[in-house]
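A.B. asks: The following comprises the amino acid sequence and a computationally predicted model.
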Amino acid sequence: MKQLEKLWLLNTLLISFIVMSSFGFNTLQAKEYVIGVEDVSYYPLYDFSAEGFDRNSFTKELLSTFFRHQGYKFKFVALPVKRFDKWYVEETIDFKFPDNERWRSGESKKLKLTFSQPVLYLIAGTFVLKKNKNMPREAIKRLGTIFGFFPTLWYDRVDNNTIELVENSSAYSLVKHLLYGNIDAINIEKNVIDYNLQLLNKDQDAIVLNKHIKHERYAFHFSTILHPEIIQEFDLFLNEYSQQIADMKNKYGIVETPANL
């Protein structure tokens with residue numbers, strides 16, 4: 001009888017050991033997803049600069065909420081904007097935000113990317129001082145843009161060297177340069193411009209879209225190569241929690257661009 005009790009005890013211990021070992025192994029092997037983001041302050045849309053990495057923003061709150069909702073481990077990794085097209089090739093990232101098919105170039109066009117449905121609708125355009133809202137395109141000689149961003153609507157003028165790109169890593173500095181007349185226009189998102197105008201105690205209409213120069217509505221998407229199934233989950237999340245996400249946009253003062261811009 002004692003021998004049977006010993007065998008039962010040994011079997012119980014063995015089963016417990018296997019279960020605990022298996023649980024520990026799965027815990028250790030839990031995937032931590034890496035989200036590639038731009039190492040720049042583009043608040044309120046995002047701020048993953050060295051100084052603002054721990055700062056909440058629309059992007060950080062939205063993606064953090066989604067990954068926690070799904071029970072996934074994750075981390076944000078800030079990467080150089082200048083290498084944006086090479087992140088998937090050179091960096092071990094699982095996802096990229098923001099992303100858009102229009103930003104693909106060169107070899108990156110061959111990557112098999114899966115994009116989410118649109119997260120934000122924004123406007124790509126040329127922003128000028130209010131007094132210059134009717135300035136013709138050819139009169140703009142110096143265009144301010146974030147270091148690493150490429151103004152796709154100005155490709156022809158950049159290519160034939162008839163416009164000077166003034167790059168800066170600070171949206172705040174570029175807004176100031178425009179206000180002081182050091183540059184003719186800026187290629188920055190309007191929500192970002194308005195936030196920095198507020199910091200400078202200026203009215204939002206101090207800098208406006210020049211509607212006489214080509215402008216386009218575009219979207220921020222979430223992208224991946226390796227995990228299309230999670231992009232599907234993200235799309236479902238966007239639909240199911242649309243009201244909460246709308247509240248999040250309002251929280252950060254984000255105004256989207258309507259379809260009839």
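C.D. replies: Ah, there it is. Numbers count the residues shown, from 1 in each chain.
A.B. asks: these two touch, right, residue 227 and residue 34?
C.D. replies: No: using C-beta atoms under 8 Å, residue 227 is not in contact with residue 34; the gap is 10.8 Å. Where C-beta positions appear, they are placed from N, C-alpha and C, glycine not excepted.
A.B. asks: between these two, what contacts are shared?
C.D. replies: By C-beta atoms under 8 Å, 6 or more residues apart in numbering, residue 227 and residue 34 have these common neighbours: 94, 95.
A.B. asks: show me where the chain has helices.
C.D. replies: Taking DSSP state H as the criterion, the chain carries its helices at 2-29, 58-70, 87-90, 155-159, 171-179, 190-199, 228-240, 242-251.
A.B. asks: what's the distance between stretch 251-261 and the middle of its chain?
C.D. replies: 16 Å (C-alpha atoms, centre = their mean, to the nearest Å).
A.B. asks: Stretch 147-164 now?
C.D. replies: Counting by C-alpha atoms, centre = their mean, stretch 147-164 comes out at 22 Å from the chain centroid.
A.B. asks: Which residues in that stretch does the neighbour count mark as buried?
C.D. replies: 149, 150, 151, 154, 157, 163 (16 or more other C-beta atoms under 10 Å).
A.B. asks: can you check stretch 98-105 too?
C.D. replies: For stretch 98-105, burial by neighbour count (16+ other C-beta under 10 Å) applies to 98, 99, 103.
A.B. asks: Skip the chain neighbours and tell me the closest residue to the first one.
C.D. replies: So the one you mean is residue 98. Take residue 98 and drop its neighbours on the chain: the residue closest to it by C-beta to C-beta, 6 or more residues apart in numbering is residue 220, 3.8 Å away.
A.B. asks: repeat for the second one
C.D. replies: Computed as C-beta to C-beta, 6+ apart, the closest residue to residue 99 that is not its neighbour in sequence is residue 223, at 3.9 Å.
A.B. asks: Tell me how many other residues crowd the one you found.
C.D. replies: Neighbour count of residue 223, defined by other C-beta atoms under 10 Å: 22.
A.B. asks: That one against residue 103, yeah?
C.D. replies: No: applying C-beta under 8 Å as the test, residue 223 and residue 103 come out as separate, 10.0 Å apart.
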